[in-house]
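[1] return a 3D structure for these sequence lines:
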Amino acid sequence: MNIDYRVSGSDIILRQPDLKLDDVLDTGQAFRWNKIGEGRYFGYCLDTPLDITESNGEFIFKDTDEETFLKVWSPYFDLERDYSSLRKIYSGDSALKSACEFSSGVRLLRQDGWEALVSFIFSSNNNITRIKGIVARLFEHYGHFPTPDELAVETEESLGYLRSGFRAKYVLDAAKKISGGEIDLKAVEKLPYGEAKETLMKIKGVGPKVADCVLLSGFAKTEAFPVDVWMKRVLEEYYPDGFPENLYETRGIAQLYLFNYIRKARTE
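    This is a model prediction of the structure:
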């Protein structure tokens, strides 16, 4: 799929009909974005910052060179996937059709696997505001997003400044298993979905839901289908006999539409 963009001075201007910042940057899929104005967000992918504004169907990637746009932000916003075609496929299902109509700008944010793992471990029994605060404090402390090696030498006490509670020991376990070679995230990326999930669940505190969140957002394994209280409600109400098998390969993306729909449209 061709990406419709142009270079304008020090900015990149993108035209993308299947993207709305409010649908992707403020819905619990990633925790490193803050809204700083109408249609404007500031955030990071690992250590790469971005000031992005949505205006009249265009997206302004401020102070972004073409190489960074193509190498970092195009894959991050999943720009080469045809979401219009996906929504047509989903329209054969009544619940998904409503969900897609409600939030047509939803798409998968393809984050770094390590960043996603740390972020979603912190998300366990937590709310979006607190998760953002924890991740921000971690970044500020190091001046960058710490590597597994850097975190592996920390202790629960030394991470006290995060105010992350019981989650600190789980992040430390993840860092030590990855730093020590017990878990190879590059290998996880290449594993089939089921094996990749089993591997991540070797980390303390990583259950099925967190593993699926990490595999979907951090490794773009679109078979992953995170189920929290909201998605349990979706499954009970719309899919008592199970989620449609013909949508298995992209059910993780379908979940993003349904999650946004049940949390917002159905509660407004």
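[2] all contacts plus neighbour counts: C-alpha atoms, from now on.
    Fine.
[3] so the nearest residue to Thr155 once chain neighbours are set aside is in which element?
    Spatially, and ignoring its direct neighbours in sequence, Thr155 is nearest to Leu172 (7.3 Å; C-alpha to C-alpha, 6 or more residues apart in numbering). Leu172 belongs to helix 167-179 when assigned by DSSP states H and E.
[4] just name whatever secondary elements whichever helix or strand comes after that helix is in contact with.
    Using DSSP H and E, the next helix or strand after helix 167-179 towards the C-terminus is helix 185-190. For helix 185-190, the elements it packs on are helix 193-200, judged by 3 or more C-alpha pairs under 8 Å, 6 or more residues apart in numbering; DSSP states H and E.
[5] what packs against the helix it packs on?
    With 3+ C-alpha pairs under 8 Å, 6+ apart as the test, helix 193-200 has helix 185-190, helix 208-219 packed against it.
[6] and stretch 234-250, average pLDDT?
    What stretch 234-250 shows for mean pLDDT is 95.
[7] quick one: end-to-end distance for that stretch.
    17 Å (C-alpha to C-alpha, to the nearest Å).
[8] give me the contacts around that stretch.
    Ala95, Thr222, Glu223, Leu258, Phe259, Ile262 (C-alpha atoms under 8 Å, 6 or more residues apart in numbering).
[9] quick one: buried residues of it?
    Judged by neighbour count using 16 or more other C-alpha atoms under 10 Å, the buried positions of stretch 234-250 are Val234, Thr250.
[10] what about Lys204, neighbour count?
    For Lys204, the count of nearby residues is 16 (other C-alpha atoms under 10 Å).
[11] actually, Leu185.
    18.
[12] surely it touches Ile178?
    Yes. Judged on C-alpha atoms under 8 Å, Leu185 makes contact with Ile178 at a distance of 7.4 Å.
[13] residues in contact with Leu25?
    Trp33, Tyr41.
[14] apologies, that question was intended for Leu162.
    Contacts of Leu162 (C-alpha under 8 Å, 6+ apart): Ile134, Val135, Arg137, Leu138.
[15] list just the nearest of those residues to Ser119.
    The closest of the contacts of Leu162 to Ser119 turns out to be Val135 (C-alpha to C-alpha; 6.7 Å).
[16] spatially nearest residue to the closest one (excluding sequence neighbours)?
    Ser119 is the one closest to Val135 (C-alpha to C-alpha, 6+ apart), at 6.7 Å.
[17] just want the angle from whichever strand or helix holds the one you found to helix 167-179.
    In the assignment (DSSP H and E), Ser119 maps to helix 113-122. Going by axes from the mean of the first three to the mean of the last three C-alpha atoms, to 10 degrees, helix 113-122 is angled at 150 degrees with respect to helix 167-179.
[18] just to revisit the earlier point, averaged pLDDT, the helix holding Leu172. What do you get?
    98.
[19] Ala196: neighbour count?
    Neighbours of Ala196 using other C-alpha under 10 Å come to 20.
[20] excluding its backbone neighbours, what's nearest it?
    Val188 (5.1 Å).
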